[in-house]
Structure formats: structure tokens, C-alpha cells
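S.K.: need coordinates for the below:
(one chain, ligands or ions: 1)
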Amino acid sequence: MNNPLQLSMVNFSKGAYVIVEGKQKADYFYILKTGKVRISKEVEVVEEEGGNTLGPGDFFGVVSTMSSHSHIETAQATSDISVIAVHRDQYGLLIEKNTPVAMKIIQGFSRRMRYLDEALASITLKSTAGEDARHLFNVAEYYARQNQYNLAYYAYYQFLKYCQADSNVDLAKERMAKIKPYAKAVYLDTNNEEFTRTYPKDTMVFSESQPGQELYIIQKGSVKITKIANDNENLLAVLKPGDIFGEMSLLENKPRSASAIAYDDAVLLAVNQANFERMVTSQPQIITRLTQILAERIWFIYKQLANTQLTDSLGRLYDALLIQIEKNRLPIRSGEAYTFDFGAKELINIVGLPSSDGNAVLRKLFENKKIKLVDNKIHVTDLEEIEKQAKYFRKMEKIERARRQSSMRK
Ligand code: CMP
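M.R.: This next block holds a predicted model:
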């Protein structure tokens with residue numbers, strides 16, 4: 001059936017709210033034709049690149065609409081405006097006719113991801129790894145200390161490859177020779193011809209800070225995305241079959257922003273630039289999928305950024321659990337049990353609490369009889385309880401913020 005692309009033009013008067021933050025299920029995003037729109041968030045943590053005022057040609061509402069989550073921002077017309085409303089389902093058609101526009105959207109998303117990732121890292125980890133390949137040495141040293149020799153060997157190898165003149169070269173060689181008998185590192189140098197690759201559990205696909213020319217599509221197993229900072233491994237995500245990662249280096253020609261490690265035995269499809277370009281024209285649905293994935297990650301980072309603004313540490317843990325529930329789109333019903341795919345220490349890492357505070361706040365969390373550890377993973381016997389607690393802490397924070405603002409005004 002021929003399904004023509006029909007886009008509707010909508011007018012709003014000055015002062016009208018086009019989208020409202022928190023509104024469930026965003027279905028439309030907008031392309032501004034004429035006039036001006038102001039974007040705002042309840043909790044502004046980072047300044048947006050390019051500012052908060054949009055003009056003709058700008059898009060808004062794309063992150064929430066393409067990730068099918070609630071709106072993360074409010075858009076208000078600051079003059080009379082006309083916009084083109086695009087339903088989520090029309091995105092595929094829109095880009096099929098116009099892949100350069102789609103590439104622009106995902107490249108823009110990728111840049112925004114990098115910017116937000118760095119903002120989040122500087123708040124939660126109090127540091128950013130940067131793009132310097134010498135950071136590969138820190139990654140290797142961290143994993144060597146943890147006796148994770150597969151990962152350490154891989155990172156030392158890349159360090160020697162990209163930092164031949166560094167003062168740590170001899171040390172790296174010495175360490176590599178020592179751990180070599182225990183290290184299983186696959187695909188140390190990627191062979192561009194090989195499309196399907198198998199990574200045994202706990203081996204590295206790539207390390208943060210190394211150059212990257214490929215993206216990967218997970219066929220089987222799972223992959224964790226991590227960052228080393230302050231002598232800690234920080235878990236950014238656990239990815240599953242169908243997920244895509246490694247696209248940021250490919251799209252922006254920059255070093256890897258994080259490491260990818262096989263969490264289980266994993267089978268991956270490796271896609272290089274040439275194959276990617278071929279896929280973009282022959283299979284535009286891959287671009288739709290990539291847009292959705294990036295939109296979901298950005299949505300998630302905004303939620304994590306808002307989490308950093310909660311003053312109560314226990315509240316931050318509940319809020320982080322609720323964000324995970326929303327991210328995984330779990331129906332929240334009373335008495336519904338769920339096991340998260342991470343444990344207590346990882347939860348502390350996700351919210352970026354120092355481990356000294358971490359233990360005390362974890363004790364408080366586990367005082368709640370509906371939360372326990374099962375096989376080292378966090379298990380809740382009632383999802384509604386998490387929602388109730390997180391909403392309570394969010395509400396208290398809102399009241400406290402309003403109080404602070406009004407006392408500042410006095
Ligand atoms: P790239 O920078 O090429 O290598 C690391 C990859 O991890 C990156 O591309 C993304 O695909 C992925 N990534 C980076 N940050 C996050 C995040 N916060 N959540 C999920 N995946 C991420």
C-alpha cells in the first residue's frame with residue numbers, strides 16, 4: 001500500500017504551551033516553521049548547547065517522541081508560531097525520502113549525548129576521561145589491579161599501539177608480559193573484513209579513549225558500557241540483543257567515549273563506515289532504530305542528571321531504581337516483583353555516590369523489606385513500592401526547592 005507522508009501544519013498563539021514536561025507518552029515532535037519557542041525543564045542541570053530559544057528550522061520534542069517516553073521538557077511559544085507536527089510513525093517515511101536530514105538528526109543526537117555524558121560524568125564522577133589516548137593506561141592499570149587480566153591486557157595493548165612515546169611504555173610492556181599467560185583478549189586489532197564476531201564473557205570489544213571506526217549490533221548475549229574514573233568502574237548501561245553501540249565514534253570521528261565489555265558470551269555484527277553508508281540507503285529502518293536508541297539514551301541521561309539534584313542520598317537510590325523501571329518500560333503494578341540487572345555496588349556507582357556514603361545509604365535502602373539482594377542483583381518484591389518512595393522524595397525535593405527559592409527572593 002502506498003502510504004504518503006502527510007505532515008500537518010499547526011499554529012499556536014504567543015504564550016501557548018506546545019509540549020509540557022512529564023506529560024505521559026509523547027507522540028508528536030515538531031519542526032518550527034516560523035516564530036520562536038522557549039524550552040525549559042523543571043530541573044535545569046546543564047545549559048543546552050545553542051541556548052534555550054529555538055527559531056525556524058529547529059526541532060523539539062524529538063527525544064521523548066522517538067524514545068516513546070514522557071516529555072522531558074516544556075516548550076512554550078514566545079511569539080505566534082507555526083510548526084509542522086510529525087507523528088512518531090511518520091519518522092521512517094520522513095527519513096526514507098531524506099537520509100541527509102536523518103543523518104543530521106542522529107549526528108546532532110550523538111553530539112548531545114557526548115555533551116550530556118560529560119556533564120553527568122563531571123557531576124557524578126567529578127572528572128571526565130577526555131579524549132586523550134593516554135587514559136588507556138589508567139584503564140589497563142585499573143583492570144590489572146582488579147585481576148581482570150583479559151581487560152587489562154587489551155587496554156595495555158591499545159595503549160602501546162597509540163602512545164608509543166609515552167613515559168609509561170616500558171611499564172606497560174612489563175605488566176603485559178606478566179599477565180599474558182592469564183589473559184584472553186580477542187580481536188586486539190580489528191580486521192575490517194570480519195562481519196560477525198564472537199566475544200567470550202569478560203573480554204573487551206573496545207576500550208574508552210581508543211580510536212574507533214565501527215559500530216556494533218548485538219546479535220546474542222549482552223554487553224556492558226563502562227567508564228573508569230577515580231579508580232572506579234562506572235556502569236553506564238547493559239545492552240541486549242538488537243541494541244547498537246559504538247556509533248558515536250563512527251559518526252563523529254572521535255575516540256571511544258566509554259568501554260564495551262562482553263557481559264555474557266556475545267555475538268556482534270561489526271559495521272564499518274562503508275557498510276554503514278550502504279545500510280543507510282538500503283535499509284533506512286536502521287536509521288530509525290538508531291534514532292530511537294540515541295533518543296532513549298538521551299532521555300535516560302536527562303533523568304540521571306535530574307537525579308543528581310536530589311539532596312537525600314536514599315531518595316537518589318529510589319529515584320535511580322524508578323528511572324530504570326521507566327527505562328525498561330515495566331508496568332508498575334502492586335505486588336509485581338522484579339530483579340534488576342545490577343547489584344548494590346553498581347547502584348551506588350550509577351548515582352555516583354562516594355563508597356563511604358554508599359554503604360550507609362545501602363543499609364537504609366535494605367531496611368525496606370521489599371528490597372533485597374538475590375544472586376548479587378537487586379530484587380524488589382513490589383514495583384509500586386519503588387514508585388511510591390521515589391515520588392515521595394521527588395515531591396519533598398520540589399517543596400524544598402520552592403522554599404529555597406522563596407527565601408532567596410526575600
Ligand atoms: P562510542 O563513543 O563510539 O563508544 C562507546 C559507546 O558507548 C558509545 O559510542 C555509545 O554507543 C555507548 N554509550 C556512551 N555513553 C552511553 C550511555 N550513557 N548509555 C549507553 N550507551 C552509551
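S.K.: so which bits of the stretch 201-350 of the chain are right by the ligand?
M.R.: The stretch 201-350 of the chain comes close to the ligand at residues 212, 225, 236-237, 245-249, 256-258, 297, 301, as judged by Cβ under 6 Å from any ligand atom. All C-beta atoms are positioned from the backbone trio N, CA, C, and that covers glycine.
S.K.: which two among these are spaced furthest apart?
M.R.: With Cβ to Cβ as the measure, no two of those lie farther apart than Gly212 and Ile301, at 20.1 Å.
S.K.: circling back: redo the residues of the stretch 201-350 of the chain next to the ligand as JSON lines? Include distance to Thr308, neighbour count and secondary structure.
M.R.: Converted to JSON lines, these look like this (distance: Cβ to Cβ, whole Å; neighbours: other Cβ atoms under 10 Å; DSSP: H, G, I helix; E, B strand; the rest coil):
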{"residue": "Gly212", "distance to Thr308": "28", "neighbour count": "23", "secondary structure": "coil"}
{"residue": "Ile225", "distance to Thr308": "19", "neighbour count": "23", "secondary structure": "strand"}
{"residue": "Leu236", "distance to Thr308": "15", "neighbour count": "21", "secondary structure": "strand"}
{"residue": "Ala237", "distance to Thr308": "17", "neighbour count": "18", "secondary structure": "strand"}
{"residue": "Phe245", "distance to Thr308": "24", "neighbour count": "21", "secondary structure": "strand"}
{"residue": "Gly246", "distance to Thr308": "26", "neighbour count": "24", "secondary structure": "coil"}
{"residue": "Glu247", "distance to Thr308": "25", "neighbour count": "23", "secondary structure": "helix"}
{"residue": "Met248", "distance to Thr308": "22", "neighbour count": "24", "secondary structure": "helix"}
{"residue": "Ser249", "distance to Thr308": "26", "neighbour count": "19", "secondary structure": "helix"}
{"residue": "Arg256", "distance to Thr308": "24", "neighbour count": "23", "secondary structure": "coil"}
{"residue": "Ser257", "distance to Thr308": "19", "neighbour count": "24", "secondary structure": "coil"}
{"residue": "Ala258", "distance to Thr308": "18", "neighbour count": "24", "secondary structure": "coil"}
{"residue": "Arg297", "distance to Thr308": "17", "neighbour count": "24", "secondary structure": "helix"}
{"residue": "Ile301", "distance to Thr308": "11", "neighbour count": "21", "secondary structure": "helix"}
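S.K.: domains of the protein?
M.R.: The chain breaks down into these domains under automatic domain parsing: 8-97, 124-305, 310-409.
S.K.: please identify the most buried of those.
M.R.: Ranked by mean neighbour count, the domains of the chain are led by domain 124-305 with a mean of 18 (mean count of other Cβ atoms under 10 Å).
S.K.: and that one, how far out from the chain middle?
M.R.: 14 Å (Cα atoms, centre = their mean, to the nearest Å).
S.K.: first-to-last residue distance for that domain?
M.R.: 9 Å (Cα to Cα, to the nearest Å).
S.K.: having no further points to raise, I will conclude here.
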